[in-house]
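1. Give me coordinates for this.
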Amino acid sequence: MQREAKARGIGLMLDMVFNHTSTEHVWFKRALAGDPTYLAYYKFVDAAPGATAENPGEPPTNWESKFGGNAWAHAPSLNKWYLHLYDKSQADLDWDNPVVRQELANVLRFWQDKGVSAFRFDVVNLVSKPAGWPSDETDGKHFYSDGPHIHEYLQDLVQRGGIDGLVTVGEMSATSLESCIRYTNPESHEMAMVFNFHHLKVDYPGGEKWELMPADITALRELFRTWQEQITAGGGWNSLFWSNHDQPRPNSRFGDTEHYWYESSTMLPLCTHLMRGTPYIYQGEELGQTITDFTSIDQYRDVESLNYYRILQERGHTPEEAFAIVHARSRDDGRTPMAWDMSANGGFTTGEPWLALVGNYPHINAATEMADPHSVRAFFKQLIALRKESATIQEGDVHFLDSSSDKVIAYERTLGDERIVVQCNFSGEEQPALAVEGAEVLIGNYDDPLAGGVLHPWEGVAHIWR
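-> Numbering: from 1, shown residues only. All right, here's what the predicted structure looks like:
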């Protein structure tokens, strides 16, 4: 694979899940067998005296798993608890153990020897946990997010793993802007860039993922403004994305795919691809794939979704209400198979796919869009070409612009005498546009951009002064 990718000018980035291993991993199995070397690879804590498999007592802390429930599981053969910030089948590694950090560095060198040239690090800002296992009335996130030794441990991994100067991106859960500036400032020798998720919580009422509300575009604008302008001022670097394997499809989530599918599917990438940072495209996003059209909880596979379908009902929601929330929030919304053509299963497989394809795949698929010069895919290609051609988009400064509408996000990119202004309408109604006299259209998703001096529903457009 690496040889074929290199022949096409493609580099490979691998996802490194270094916060935890499977409980089926040989390390964990050796730990369960009582091997002291491998017990020290994980976060094990003794159960209280007298604890049994039937009555293990209280876990060491009240920390909550990211997937729901307590973040500790009891290992009866050891009469110990082990930490799992995610599913109980994903046991957290002990990064305080330098032998563990060396093992992980060896993994990085192994893949580099195979020709891999870039790495993504899964939830890597959670790897440093505090001593003493503190608890309070919260879910515990603030104890281990951007933890006490995180910068030391990342620098150690980068040095031991020989990845300084490579393309690296850290997925940062519940992180802070200040931490991300430090993670990505070249002087820190940690990550080349980060993923943060604050902008993908603007439709979480009170910060609660498993409840529903319309996206707060004013909050979205201010988050973009703060992160874009301040990470630039701090010498850091950000990733630009709406979508990944853990998020619902953005056009369904932030747009209107029933009435303005094309416009929603093109305005959103225009909004972020022209910002300062490195854009990421998740499979199917470049086709405008939408969220699932599942009608039963039995069609879902994601453990988080299945857990919360139960938890929501325990909190008082009806089964219908719980299903509606899962349908909008599930990670499976972005995990349906890639639609390659209009044949059975979208040409993805001749067998049974792990998830059903969305019913619109006969119209939204790669083959159909490759034949259409005005498709969503074609629009993404224009955006990619612009980034490759424009030094202003690649390197220029960024400054957000005020709008009279709370549904519009606007900003400018500047470099030397060149200025680019981007305007995006996050609504199905016309909105007032900023004046663009003397500029030419750089890219837009309408044939008549800003006709009548307004932004059309879900319009995105960029103008340039040279």
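2. From what I see, residue 5 and residue 14 are in contact.
-> No - if you go by CB atoms under 8 Å, residue 5 and residue 14 don't touch, sitting 12.0 Å apart. For the C-beta atoms, the positions are set from N, CA and C on the backbone; glycine is no exception.
3. since we're on residue 427, how many residues are nearby?
-> 18 (other CB atoms under 10 Å).
4. Next: residue 314.
-> There are 9 residues near residue 314, going by other CB under 10 Å.
5. same question, residue 402
-> Other residues close to residue 402 by other CB under 10 Å number 9.
6. helix/strand/coil for the residue lying closest to residue 440 once chain neighbours are set aside?
-> Leaving aside its sequence neighbours, residue 440 sits nearest to residue 464 (CB to CB, 6 or more residues apart in numbering; 5.9 Å). Following DSSP: H, G, I helix; E, B strand; the rest coil, the label given to residue 464 is strand.
7. State the distance from residue 464 to residue 381.
-> Using CB to CB, to the nearest Å, one gets 19 Å for the distance from residue 464 to residue 381.
8. who's more crowded, those two?
-> residue 464 (19 against 13).
9. Who are the contact partners of the more buried one?
-> By CB atoms under 8 Å, 6 or more residues apart in numbering, the contact set of residue 464 is 418-421, 439-440, 442.
10. In terms of pLDDT, where does the residue of the chain positioned farthest from its centre sit?
-> For the chain, the largest distance from the centre (CA atoms, centre = their mean) belongs to residue 50, which lies 43.0 Å off. On pLDDT, residue 50 comes in at 84.
11. so which helix or strand takes in the residue nearest to it when sequence neighbours are not counted?
-> The shortest distance from residue 50 to any non-neighbouring residue, by CB to CB, 6+ apart, is to residue 57 (7.7 Å). Element membership of residue 57 [criterion: DSSP states H and E] is none; it lies in no helix or strand.
12. Residue 57 and residue 46 touch, don't they?
-> No - using CB under 8 Å, residue 57 is not in contact with residue 46, being 10.5 Å away.
13. more crowded one of those two?
-> Neighbours were counted for residue 57 and for residue 46 using other CB under 10 Å; residue 57 has more, 14 against 11.
14. what's the spacing between that one and residue 65?
-> 18 Å.
15. Name the residues contacting each of residue 57 and residue 46.
-> By CB under 8 Å, 6+ apart, no residue touches both residue 57 and residue 46.
16. low-confidence ranges in this structure?
-> In the prediction, the chain carries no residues with pLDDT under 70.
17. distance between stretch 442-461 and the chain's centre?
-> Centre-to-centre, stretch 442-461 and its host chain are 28 Å apart (CA atoms, centre = their mean, to the nearest Å).
18. contacting residues for residue 103?
-> Neighbours of residue 103 in contact, by CB under 8 Å, 6+ apart: residue 41.
19. which SS class is it?
-> Quick answer, by three-state DSSP: residue 103 is helix.
20. Which residue ranges make up each domain of the protein?
-> 12-196, 397-465 (automatic domain parsing).
21. would you turn those into a markdown table with distance to residue 375?
-> Shown next, in a markdown table, are these (distance: least, CB to CB, whole Å):
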| stretch | distance to residue 375 |
| --- | --- |
| domain 12-196 | 26 |
| domain 397-465 | 12 |
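22. So for residue 254, which of those domains sits nearest?
-> Nearest to residue 254 among those is domain 397-465; the distance by CB to CB comes to 6.8 Å.
23. How far off centre is the closest one?
-> 26 Å.
24. how long is that domain end to end?
-> With CA to CA, to the nearest Å applied, domain 397-465 spans 15 Å between its terminal residues.
25. Contacts only, for residue 263.
-> 255, 445-446, 456-459.
26. again, 7 Å this time
-> 445, 457-459 (CB atoms under 7 Å, 6 or more residues apart in numbering).
27. which residues does the closest residue to residue 465 other than its chain neighbours bridge with?
-> Spatial nearest neighbour of residue 465, excluding adjacent residues (CB to CB, 6+ apart): residue 419 at 4.5 Å. Per DSSP bridges, the residues bridged to residue 419 are residue 414, residue 465.
28. Same question for residue 194.
-> Once the bridges are assigned, which here means DSSP bridges, residue 194 pairs with residue 170, residue 238.
29. and it, how far is that from residue 171?
-> 8 Å.
30. So the residue nearest the centre of the chain, which state does it fall into?
-> Among the residues of the chain, the one closest to the centroid is residue 244, at 5.1 Å (CA atoms, centre = their mean). What three-state DSSP gives for residue 244 is coil.
31. which of the residues in stretch 418-432 are buried?
-> Of the residues in stretch 418-432, 419-428, 430-431 count as buried by neighbour count, 16 or more other CB atoms under 10 Å.
32. Show the end-to-end separation of it, please.
-> Start-to-end span of stretch 418-432 (CA to CA) is 24 Å.
33. just stretch 269-282 next, same as before
-> 11 Å.
34. What lies in contact with it?
-> So stretch 269-282 is contacted by 193, 228, 232, 237-244, 334, 380, 383, 387, 393, 398, 409, 413, 420, 422, 424, 443, 445, 460, 462 (CB under 7 Å, 6+ apart).
35. give me the number of residues near residue 275?
-> Neighbours of residue 275 (other CB under 10 Å): 20.
36. ignore the last one, residue 256
-> Residue 256 has 15 neighbours, counted by other CB under 10 Å.
37. I'd guess residue 119 is in a strand, am I close?
-> Yes - using three-state DSSP, the assignment for residue 119 is a strand.
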